[in-house]
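> quick one, what's the 3D model for this:
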Amino acid sequence: MEEIEISSWATLDAIKKAADVVETVGDLHSSHEMSVFCVIEDDYLELCYSDSSTNYLRRYEDEEEFEEAIEERKEEIGEAPYEGDDYNEDFDEEEEDLDFGDESDEF
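Numbers count the residues shown, from 1 in each chain. Presented below is the predicted three-dimensional model:
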C-alpha cells in the first residue's frame, strides 16, 4: 500500500470522477470522515475525505488487499446510516399513517 497526502477535496473529486467507484464508506456529516474505494485501470484506490484531519489517497497492490481495506474501513468508520432515498421513503410511509381526524370539518 502506498499513501499520498492530498490537500484539496477538488483533487480527490477529480480522481473520483475519472474512476469506477466500487464503494463509499462513512459520511462527512456524521463521522467527519469518508472513504471512496474506486478503480482506475489496474489501480485500486481509496480516496479519504476528512473535515478534521488530512485527506489522502491510498493505492493498494491487488484486489485482495483492496477488499480487506474496505472491510477494515467499514469497521473503523461504520457505514453511512442512509443510502440513496431510503430515508425519504420511510418518512413518506410514516406520513401516510398519520390520522388527522375527520377531514370534512370546515373552519
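
> looking at the sheet around the residue nearest to the spatial centre of the chain, what are its partners?
With distances taken as CA atoms, centre = their mean, T24 lies nearest the centre of the chain, 3.6 Å away. For T24, the beta-bridge partners are V36 (DSSP bridges).

> got the CA positions of the longest helix along the chain in CSV?
When the chain is parsed with DSSP state H, its longest helix is helix 63-77. Only the C-alpha atoms of helix 63-77 are listed here, as CSV (Å, rounded to 0.1, in the frame of the first residue of the first chain):
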residue,chain,number,x,y,z
GLU,A,63,-7.8,-6.7,-5.3
GLU,A,64,-7.4,-8.8,-2.2
GLU,A,65,-5.7,-6.1,-0.3
PHE,A,66,-8.3,-3.6,-1.6
GLU,A,67,-11.2,-5.8,-0.4
GLU,A,68,-9.6,-6.2,3.1
ALA,A,69,-9.2,-2.4,3.3
ILE,A,70,-12.9,-1.9,2.5
GLU,A,71,-13.9,-4.3,5.3
GLU,A,72,-11.5,-2.7,7.7
ARG,A,73,-12.7,0.8,7.0
LYS,A,74,-16.3,-0.3,7.5
GLU,A,75,-15.4,-1.4,11.0
GLU,A,76,-13.5,1.8,11.8
ILE,A,77,-15.8,4.4,10.3
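
> report the buried residues of it.
F66, A69, I70, R73, I77 (16 or more other CB atoms under 10 Å). C-beta: built from backbone N, CA, C; applies to glycine.

> can you check stretch 17-34 too?
For stretch 17-34, by 16+ other CB under 10 Å, it's A19, V22, T24, V25, G26, D27, S31, E33, M34.

> pull the contacting residues for the residue nearest to the centre of the chain.
With contact set as CB atoms under 8 Å, 6 or more residues apart in numbering, T24 has these partners: M34, S35, V36, F37, A80.

> all set now, cheers.
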